[in-house]
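Colleague: sequence unavailable; structure follows:
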């Protein structure tokens, strides 16, 4: 069984009011990605389109990071929601 979540860089510094806020937001994102990596989560398929697909097969890791079970229907619905935010 595979568990996955999309990660987007586009919104990481959206609420920053200063350059220091931007730095803090990005450092927090790096910390979380390192924790995920250390727990065995991998990037599947690259992130060139700003949709990084993070994946694990470990149900305990999936639960820790709130990754749902991968289902085709879920993926399409998630993409639709994400795309609707871009408009």
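Modeller: Now that the structure is in, tell me what you want to look at. Source: prediction; values computed, not measured.
Colleague: quick one: buried residues of the longest helix seen in the chain?
Modeller: For the chain, the longest helix by residue count, based on DSSP state H, is helix 19-38. In terms of neighbour count (16 or more other CB atoms under 10 Å), helix 19-38 has its buried residues at 25, 36. From N, CA and C alone the C-beta is placed, and that goes for glycine too.
Colleague: what does that helix rub up against?
Modeller: 7, 9, 12, 13, 15, 16, 54, 65 (CB atoms under 8 Å, 6 or more residues apart in numbering).
Colleague: hmm, 10 Å instead?
Modeller: 5, 7, 9, 11-16, 18, 41-43, 52, 54, 56, 61, 64-65, 67 (CB atoms under 10 Å, 6 or more residues apart in numbering).
Colleague: ok, now which ones touch the residue of the chain most remote from its centre?
Modeller: Using CA atoms, centre = their mean, the residue of the chain lying farthest from its centre is residue 18. It sits 23.9 Å away. Applying CB under 10 Å, 6+ apart, we find residue 18 in contact with residue 24.
Colleague: for it, phi and psi?
Modeller: phi -140, psi 170 (degrees, to the nearest 10).
Colleague: please, where are all the strands along the protein?
Modeller: Ranges of strands within the chain are 3-7, 42-43, 52-56, based on DSSP state E.
Colleague: OK, contacts around residue 58?
Modeller: Going by CB under 10 Å, 6+ apart, residue 58 touches 1, 3, 39, 40, 41, 64, 67.
Colleague: I'd say the last one and residue 55 touch.
Modeller: Yes: here residue 67 reaches residue 55: they are 8.1 Å apart, a contact under CB atoms under 10 Å.
Colleague: which residues do these two both contact?
Modeller: Contact with both residue 67 and residue 55 is made by residues 2, 3, 4, 5, 41, according to CB under 10 Å, 6+ apart.
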